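In: The sequence and its predicted three-dimensional model are supplied below.
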Amino acid sequence: MRRRQALLGAAALLTAPALLRAQPGAVFVEVWKSPTCGCCKVWVDHLEANGFRVKVHDVGNSAARARLKVPMKLGSCHTALVGRYAIEGHVPAADIQRLIQQRPDAIGLAVPGMPLGSPGMDGPHYDNRQDPYDVLLIAKDGSTQVFNSYFKRKERT
């Protein structure tokens, strides 16, 4: 009996680091999307690869977008909730992490539409195109300001 307990204890010690690595303080993200949307799945994979723990609801996102007060003009193919923040569209994981750290008094972040080069809309399937796009911070009144920019063309002088 003692030997069995010792072996079980040793096994627990060996697996504990793997369990801790799997989700050390992982931030929970709840996502609403269409059940047939492939780019949404790739975006979810992007979040998970960056340490987020994700629950997906394959029921569409219109109701979630309205409930989270994301203006329709900022709409995209999926809507998420991270803590108290709405995330609309293909927002990069690094921007979500920055939002959580900075904790602005805002509705959340949005990448309107589905710009090529954003997470989930990137890679060989899209000919590796990278169109410029902005991540927008949505204020409580629905107005926006640029939170981050990607692939901006440099001004020629």
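Out: It's in.
In: give me every residue that touches residue 39.
Out: Residue 39 is in contact with 77, 90, 114, 120, 121, counting by C-beta atoms under 8 Å, 6 or more residues apart in numbering. All C-beta atoms are positioned from the backbone trio N, CA, C, and that covers glycine.
In: can I assume the first one is in contact with residue 42?
Out: By that I understand residue 77. No: judged on C-beta atoms under 8 Å, residue 77 makes no contact with residue 42 at a distance of 11.1 Å.
In: who's more crowded, these two?
Out: The neighbour comparison of residue 77 against residue 42 (other C-beta atoms under 10 Å) goes to residue 77, with 20 against 16.
In: residue contacts, that one?
Out: When contacts are counted by C-beta under 8 Å, 6+ apart, residue 77 touches 33, 34, 37, 39, 40, 61, 89, 114.
In: Apply 7 Å and report the result again.
Out: 33, 34, 37, 39, 40, 114 (C-beta atoms under 7 Å, 6 or more residues apart in numbering).
In: out of the residues you listed, who has the most neighbours?
Out: residue 40 (26 neighbours).
In: so it sits right up against residue 78, yeah?
Out: Yes: the pair residue 40 and residue 78 passes the contact test of C-beta atoms under 7 Å, sitting 4.4 Å apart.
In: Which stretches in the chain count as strands?
Out: Under the criterion DSSP state E, the chain contains strands at 28-33, 53-57, 78-82, 85-89, 108-111, 133-138, 144-150.
In: Given the fourth one, what are its sheet partners and their directions?
Out: Strand 85-89 sits in its sheet next to strand 78-82 (antiparallel), strand 108-111 (parallel), going by DSSP bridges.
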